[in-house]
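Undergrad: Provide a 3D model corresponding to the input given below.
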Amino acid sequence: MKLEERQFISLDLGTSNVLAYVSKKGVVYNEPSIMAYDNLTNTLIALGYDAYEMVGKTNENTRMVVPIKDGIIADMEAAKDLLKNIFNKLKMMDIWKGSVVLLACPSGVTELERDALKLVAMDLGAEMVVVEEEVKLAAIGAGININLPKGNVVIDIGGGTTDVAILASGEVVASKSIKIAGTSFDEDIKKYIRSEYNVNIGSKSAENVKIQLGSLGKYNAERSMSVYGRDIVSGLPKEALVSAEEIRNVLINSFSKITDLFIELLETTPPELAGDIIKNGIILCGGGSMIRNVEKYFSDIFSIPCKVAKDPLLAVINGSKELEKQIFTKIENGFYGKNGQKLKQINKFM
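TA: Down below sits the predicted model:
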């Protein structure tokens, strides 16, 4: 198949959501990463939003599966099943044959974990799979010209991991990743409500509390909300009334680990790039950047300007769209090997 005839597919396989982009068609899928299987027949019965609605409401014959955790394939067969069913549902399975696929991954993944990501796409018929770091794609998607010889910082707060990176001259200069992100925020809220009110709540309830009340600074019209769960002593249904201030304290405790990670990264940053960072500020991406006052939180701590990307949830996939032409140019120039590994640098590529 000629290079210009190949389809381009980019995938952001997140712990919380899967996003898929197809050349000339745009974003064709954006739904939760969860799947539901029938244990008796081992068949898939729901995925995406349909499966998400089943969380916490299934019987013993149903198991819920999240095939990608922290940007890593946790269940290879389920991951293949997920992509097959997504594209079958879209009636687009045929586009995989001979395609070029761009996959986003967290900064901390190993080569073995990258190969596992590639294998999933190759098994579906892709001819070449390129893996790029999420923070690089997010920076491009946020509108940063990463090719200039100046430093920019991106903090991508996803569902399973938070990635912090400094980018300059077209590449990631330094990066760090931590498994503190959206799902861990939910777990911290669950733990707090359990310890403070003796009430067990589900993950969906905790996520709803985060969305409705979550903040990193005081805001207008703060309120409290009722959450419902099971009393850990009696086992009976119980209601707990939680306030915005309580949830803020929980989230600030969680975010302190992200700020510690950022400080560690800054300690290894060359002085010239550090100066650029002070001028250019911090760009925030991912679902975690939608928590109220998150930009003020980071700005106050580091005395550095901070802003949230225009489309924080789509920053990674938007960045991959921007790279489409460049990736085909690199393929033509022999930058990539057969399996998508980088072989050589091309000057003035972007």
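Undergrad: and residue 28, helix, strand or coil?
TA: strand (DSSP: H, G, I helix; E, B strand; the rest coil).
Undergrad: didn't it look like it was pressed against residue 20?
TA: Yes. Taking C-beta atoms under 8 Å as the definition, residue 28 is a contact partner of residue 20 at 5.4 Å. In short, each C-beta sits where N, CA and C put it, glycine included.
Undergrad: What distance do you get for residue 211 to residue 168?
TA: Using C-beta to C-beta, to the nearest Å, residue 211 is found at 35 Å from residue 168.
Undergrad: So residue 292 sits against residue 216, correct?
TA: Yes. Residue 292 is within contact range of residue 216, at 6.9 Å (criterion: C-beta under 8 Å).
Undergrad: can you pull the pLDDT of residue 34?
TA: In this model, residue 34 is scored at 94, pLDDT.
Undergrad: was I right about residue 86 contacting residue 19?
TA: No. With contact defined as C-beta under 8 Å, residue 86 does not count as touching residue 19 (10.4 Å).
Undergrad: These two: who's more crowded?
TA: Higher neighbour count among residue 86 and residue 19: residue 19, with 22 against 19, using other C-beta atoms under 10 Å.
Undergrad: Dig out what that one forms beta bridges with.
TA: Taking DSSP bridges as the rule, residue 19 bridges to residue 12, residue 30.
Undergrad: sorry, back to before: quick check: neighbours shared by residue 86 and residue 19?
TA: Taking C-beta atoms under 8 Å, 6 or more residues apart in numbering as the criterion, residue 86 and residue 19 both touch residue 29.
Undergrad: Would you mind measuring from the residue of the chain positioned farthest from its centre to residue 283?
TA: In the chain, counting by C-alpha atoms, centre = their mean, residue 234 sits farthest out from the average C-alpha position, at 38.1 Å. Distance from residue 234 to residue 283, counting by C-beta to C-beta: 48 Å.
Undergrad: And residue 322, by the same measure?
TA: From residue 322 over to residue 283 the distance is 15 Å, taken as C-beta to C-beta.
Undergrad: Please say which of those two ends up with more neighbours.
TA: Between residue 322 and residue 283, counted using other C-beta under 10 Å, residue 283 has the larger neighbour count: 27 against 13.
Undergrad: by contact count, what packs against the helix or strand hosting that one?
TA: Using DSSP states H and E, residue 283 sits in strand 282-285. Counting contacts by 3 or more C-beta pairs under 8 Å, 6 or more residues apart in numbering; DSSP states H and E, strand 282-285 is packed against helix 134-141, strand 152-157, helix 294-302, strand 306-308.
Undergrad: Rebuild these as a markdown table, extending it with mean pLDDT.
TA: Shown next, in a markdown table, are the helices and strands packed on strand 282-285 (pLDDT from 0 to 100):
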| stretch | mean pLDDT |
| --- | --- |
| helix 134-141 | 93 |
| strand 152-157 | 95 |
| helix 294-302 | 96 |
| strand 306-308 | 96 |
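Undergrad: Make TSV from those and add mean neighbour count to it.
TA: Below are the helices and strands packed on strand 282-285 laid out as TSV (neighbours: other C-beta atoms under 10 Å):
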stretch	mean neighbour count
helix 134-141	29
strand 152-157	28
helix 294-302	18
strand 306-308	17
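Undergrad: can you redo those as a markdown table with distance to residue 273?
TA: Below are the helices and strands packed on strand 282-285 laid out as a markdown table (distance: least, C-beta to C-beta, whole Å):
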| stretch | distance to residue 273 |
| --- | --- |
| helix 134-141 | 14 |
| strand 152-157 | 9 |
| helix 294-302 | 15 |
| strand 306-308 | 17 |
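Undergrad: Residue 254: which of the ones you listed is closest?
TA: strand 152-157 (10.3 Å; C-beta to C-beta).
Undergrad: ok, then the element right after that closest one?
TA: Of the helices and strands lying after strand 152-157 in sequence (DSSP H and E), the nearest is strand 162-168.
Undergrad: That following strand to strand 152-157, inter-axis angle?
TA: Strand 162-168 and strand 152-157 meet at an angle of 170 degrees, taking axes from the mean of the first three to the mean of the last three C-alpha atoms, to 10 degrees as the criterion.
Undergrad: what's strand 162-168 packed up against?
TA: For strand 162-168, the elements it packs on are helix 134-141, strand 152-157, strand 171-178, helix 244-267, helix 271-280, judged by 3+ C-beta pairs under 8 Å, 6+ apart.
Undergrad: So which of those is nearest residue 184?
TA: Going by C-beta to C-beta, the one of the helices and strands packed on strand 162-168 nearest residue 184 is helix 244-267, 6.6 Å.
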